[in-house]
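J.: structure here, sequence nowhere to be found:
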């Protein structure tokens with residue numbers, strides 16, 4: 001005669017069946033126990049665990065409730081409830097359950113890992129690291145805990161620990177795809193592109209369906225200007241993961257770089273759909289600026305990105321009244337770059353009796369004269385090329401900077417998230433990213449009445465500082481080479497040359513179609529664009545042919561040093577703006593070279609920059625507000641050469657008398673702004689919109 005099994009034996013069998021994935025059989029064994037022992041909290045907890053593993057979350061919640069009703073400290077039930085809370089991003093609630101469960105299961109490495117992850121997400125890195133270390137000490141082969149510890153170290157700037165951890169995992173098991181991906185991300189941030197690519201490629205070899213690794217590999221190709229490979233990898237990532245917004249946005253950006261416009265509208269609609277159906281997805285905000293002129297959507301995109309960085313709160317020691325204000329300019333473009341060409345006069349022009357000027361540089365050293373000149377104009381300059389955002393923030397805080405001015409924003413290779421560590425009492429964004437950062441840790445955005453007109457305030461999370469003229473500072477001492485002849489530039493001598501030297505991602509079918517209509521209406525005109533990759537040029541010429549324009553009328557200019565680049569502008573007759581992402585530095589380059597620019601002004605900051613430049617030159621007659629007016633203004637100037645000549649003469653006179661290129665005036669305006677916000681801070685007042693009078 002068979003002896004009936006005891007309840008604990010039945011529960012052991014249930015656990016074994018669950019581990020084999022035989023959830024229905026496992027459930028039957030637990031229910032056999034509960035039929036006679038309905039008061040057993042541990043049996044209800046195991047029943048909940050089986051339901052969880054089977055994906056029956058509602059049934060899991062019911063059984064957790066039954067277990068905890070019988071024993072409020074039942075550890076498995078608490079751990080499961082914590083897991084459900086963690087899945088809903090209730091980190092505080094999950095941590096509370098894990099902490100109680102851990103008291104009953106003090107040697108459970110998985111529970112420690114889960115609690116450490118909650119603490120990490122709650123902004124308690126020291127406690128989180130200690131708990132991860134306890135977890136791997138108990139279970140040295142627990143790869144998930146090792147990986148999480150590496151991610152924590154990576155996030156908080158301990159790159160040495162992160163790398164040691166990732167490499168330790170790969171020493172234990174070289175087939176862990178996500179660790180190859182994480183290590184590649186770290187190596188890429190350090191500038192080790194070769195080894196980063198090797199690890200990304202190994203990640204997708206190990207797991208061909210690893211969408212995130214494909215996206216990261218695509219981004220690596222992108223920074224290397226390998227547009228075709230980047231587009232293919234982005235598209236593969238987007239195909240592997242539904243609603244993968246970052247991959248969709250990356251593929252769209254690459255398609256625009258190559259002027260590959262077939263299917264562009266469908267790509268745009270797919271991305272907008274993803275953003276509308278899933279509020280949790282994010283894309284790099286810079287990639288969105290060339291797609292949309294809706295400031296509300298731009299704000300939403302920036303906010304999503306900024307939410308990826310937890311804002312720290314920090315108190316600062318009282319600053320003595322009357323001391324010089326210490327300004328800290330931080331960015332990664334202190335080399336031969338558009339931002340440096342614009343700001344060179346700013347750093348050298350500050351009034352040292354009122355300001356100290358520090359520079360924090362996390363970018364490359366290109367050994368250019370522009371770089372050597374600009375870094376020599378700081379009172380203190382610190383190069384931090386391989387430092388994490390947290391480490392850079394710590395350096396800034398140690399220097400007791402009063403006002404931190406971020407010159408990068410959400411542009412390529414940014415570390416603007418360093419502001420989330422709140423290293424300075426006041427934090428300002430300026431110049432590089434034309435729009436809101438959507439970040440609670442950025443206090444002010446520097447703008448002007450044209451880029452940020454009255455009524456636009458709801459579309460900015462920062463308080464707006466409106467300078468009296470253009471927000472864009474220019475260096476009126478930058479050098480320009482002698483203007484080459486059209487023959488030297490390969491331009492037709494008798495043609496009317498319309499120039500747009502913007503990068504190709506700012507071009508789009510909407511504006512290009514206008515340009516083609518202009519060429520049709522002005523038979524002796526040619527369009528002069530920047531030379532890009534061969535595919536981009538071929539695609540643009542093919543687009544011209546579609547509109548009935550001889551591709552020979554589309555001319556391409558190779559890259560040149562900045563002084564030579566500006567000089568050749570003067571060989572053109574008229575500069576054309578792009579929309580919705582305007583010319584920025586390129587606009588002031590054309591105007592400095594004496595070439596009138598026709599601007600198309602829209603609703604967003606980035607679509608109003610050229611208009612701002614023109615207003616600051618007293619040449620607002622060159623600003624259009626609709627595509628029709630834009631086209632007619634260009635054609636009218638092309639057909640009335642006397643009017644065009646008069647505009648060139650006016651520009652030549654205004655260049656040296658109006659505010660746009662008055663570097664000293666622009667510096668003084670910025671200094672008035674800095675003093676105004678510092679005065680508010682010293683009075684204990686919160687940031688507020690400031691409009692400076694002329």
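T.: Perfect, I can see it now. Bear in mind that the values here come from a model prediction, so they are computed numbers and not experimental data. Residues are numbered from 1 along each chain as shown.
J.: show me where the stretch 501-650 of the chain has its strands.
T.: Here the stretch 501-650 of the chain has its strands, by DSSP state E, counting those that start in this stretch, at 525-530, 554-557, 574-576, 597-600, 623-624.
J.: among the ones you listed, show me which one is buried the most.
T.: The highest mean neighbour count among the strands of the stretch 501-650 of the chain, using mean count of other CB atoms under 10 Å, belongs to strand 597-600: a mean of 27. To be clear about C-beta, it is placed using only N, CA and C from the backbone, and glycine gets the same treatment.
J.: need the residues that contact that strand.
T.: With contact meaning CB atoms under 8 Å, 6 or more residues apart in numbering, strand 597-600 is reached by 511, 574-579, 582-583, 587, 590-591, 607, 610-611, 613-614, 622-627, 630, 633-634, 637.
J.: so what's residue 484 up against?
T.: 564, 567, 568, 571.
J.: and the closest residue in space to residue 540 that isn't next to it in sequence, what helix or strand is that in?
T.: Spatial nearest neighbour of residue 540, excluding adjacent residues (CB to CB, 6 or more residues apart in numbering): residue 259 at 4.9 Å. Residue 259 belongs to no helix or strand when assigned by DSSP states H and E.
J.: residues in contact with residue 259?
T.: By CB under 8 Å, 6+ apart, residue 259 lies in contact with 504, 507, 532, 535, 536, 539, 540, 543.
J.: just how off-centre is the longest helix seen in the chain within its chain?
T.: Looking across the chain with DSSP state H, the single longest helix is helix 663-682. In terms of CA atoms, centre = their mean, to the nearest Å, the centre of helix 663-682 is found 27 Å from the chain centre.
J.: what does that helix contact?
T.: The contact list for helix 663-682, computed with CB under 8 Å, 6+ apart, reads 319, 321, 325, 327, 345-346, 349-351, 354-355, 402-403, 425-426, 428, 443-444, 446, 465, 467-470, 473-477, 659, 686-688, 690, 692.
J.: narrow those residues to those in helices?
T.: 345, 346, 349.
J.: next, format the contacts of residue 484 as JSON lines and append neighbour count.
T.: Output for the contacts of residue 484, formatted as JSON lines (neighbours: other CB atoms under 10 Å):
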{"residue": "564", "neighbour count": "15"}
{"residue": "567", "neighbour count": "19"}
{"residue": "568", "neighbour count": "22"}
{"residue": "571", "neighbour count": "21"}
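J.: hang on, the earlier thing: pick the one among the contacts of residue 259 closest to residue 23.
T.: Of all these, residue 23 sits closest to residue 535, with 52.6 Å by CB to CB.
J.: any idea which helix or strand carries the residue lying closest to residue 574 once chain neighbours are set aside?
T.: Once flanking residues are discounted, residue 574 sits nearest to residue 498: 5.4 Å by CB to CB, 6+ apart. Taking DSSP H and E as the definition, residue 498 sits inside strand 496-500.
J.: quick check: angle from that strand to strand 525-530?
T.: Per axes from the mean of the first three to the mean of the last three CA atoms, to 10 degrees, the angle that strand 496-500 makes with strand 525-530 is 30 degrees.
J.: now strand 496-500: mean pLDDT?
T.: Throughout strand 496-500, pLDDT has a mean value of 98.
J.: can you list contacts of it?
T.: With contacts defined as CB under 8 Å, 6+ apart, strand 496-500 is touched by 486, 491, 507, 515, 518, 522, 524-530, 555, 569, 571-578, 583, 590, 595, 634, 638.
J.: now do the helices in the stretch 101-250 of the chain.
T.: For the stretch 101-250 of the chain, the helices defined by DSSP state H, counting those that start in this stretch occupy 109-121, 125-138, 143-155, 159-172, 177-189, 193-206, 211-223, 227-240, 245-257.
J.: now do the buried residues in the fourth one.
T.: Read that as helix 159-172. Going by neighbour count (16 or more other CB atoms under 10 Å), the buried part of helix 159-172 is 159, 161, 162, 163, 165, 166, 168, 169, 170.
J.: TSV for these, including pLDDT and distance to residue 481?
T.: What follows is these, written out as TSV (pLDDT from 0 to 100; distance: CB to CB, whole Å):
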residue	pLDDT	distance to residue 481
159	86	42
161	94	50
162	95	47
163	96	45
165	97	52
166	98	49
168	97	55
169	97	54
170	98	52
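J.: and which of the residues you listed is nearest to residue 290?
T.: Nearest to residue 290 among the buried residues of helix 159-172, with distances taken as CB to CB, is residue 159, at 32.5 Å.
J.: am I right that the closest one is in contact with residue 190?
T.: Yes. The pair residue 159 / residue 190 is scored as a contact, 7.2 Å apart, by CB atoms under 8 Å.
J.: thinking again about what came up before, note down every partner strand of the strand holding residue 498 and its orientation.
T.: Strand 496-500 has the following sheet partners, assigned by DSSP bridges: strand 525-530 (parallel), strand 574-576 (parallel).
J.: nearest to residue 453, of those strands?
T.: Ranking those by proximity to residue 453 (CB to CB) places strand 574-576 first, at 23.5 Å.
J.: follow-up on the earlier one: a markdown table for the strands of the stretch 501-650 of the chain, including distance to residue 63 and mean pLDDT?
T.: Formatted as a markdown table, the strands of the stretch 501-650 of the chain follow (distance: least, CB to CB, whole Å; pLDDT from 0 to 100):
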| stretch | distance to residue 63 | mean pLDDT |
| --- | --- | --- |
| strand 525-530 | 64 | 98 |
| strand 554-557 | 69 | 97 |
| strand 574-576 | 68 | 98 |
| strand 597-600 | 62 | 98 |
| strand 623-624 | 66 | 98 |
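J.: residue 94: which of those is closest?
T.: Ranking the strands of the stretch 501-650 of the chain by proximity to residue 94 (CB to CB) places strand 597-600 first, at 50.9 Å.
J.: follow-up on the earlier one: just name the most buried of the helices of the stretch 101-250 of the chain.
T.: Most buried among those, given mean count of other CB under 10 Å as the contact rule, is helix 245-257, at a mean of 25.
J.: in stretch 319-338, which residues are buried?
T.: For stretch 319-338, a neighbour-count test (16+ other CB under 10 Å) marks 325-338 as buried.
J.: from these, pick the one nearest residue 220.
T.: Ranked by distance to residue 220 (CB to CB), the buried residues of stretch 319-338 are led by residue 332 at 17.2 Å.
J.: can you give me the distance of the spatially closest residue to that closest one that is not a sequence neighbour to residue 371?
T.: Spatial nearest neighbour of residue 332, chain neighbours left out: residue 363 (3.3 Å); criterion: CB to CB, 6+ apart. Distance of residue 363 to residue 371, computed by CB to CB, to the nearest Å: 9 Å.
J.: per-residue confidence at residue 540?
T.: Looking at residue 540, its pLDDT stands at 97.
J.: what about the one helix or strand residue 267 maps to, distance to the chain center?
T.: Taking DSSP H and E as the definition, residue 267 sits inside helix 264-277. Remark: helix 264-277 is offset 19 Å from the chain centroid, using CA atoms, centre = their mean.
J.: and the helix or strand following it, what does it pack against?
T.: Moving toward the C-terminus from helix 264-277, the next helix or strand (DSSP H and E) is helix 285-289. Of the remaining helices and strands, those touching helix 285-289 by 3 or more CB pairs under 8 Å, 6 or more residues apart in numbering; DSSP states H and E are helix 245-257, helix 295-306.
J.: just the ones of the contacts of strand 597-600 in helices?
T.: The helices, defined by DSSP H, take in 511, 587, 590-591, 610-611, 613-614, 627, 630, 633-634, 637 from these.
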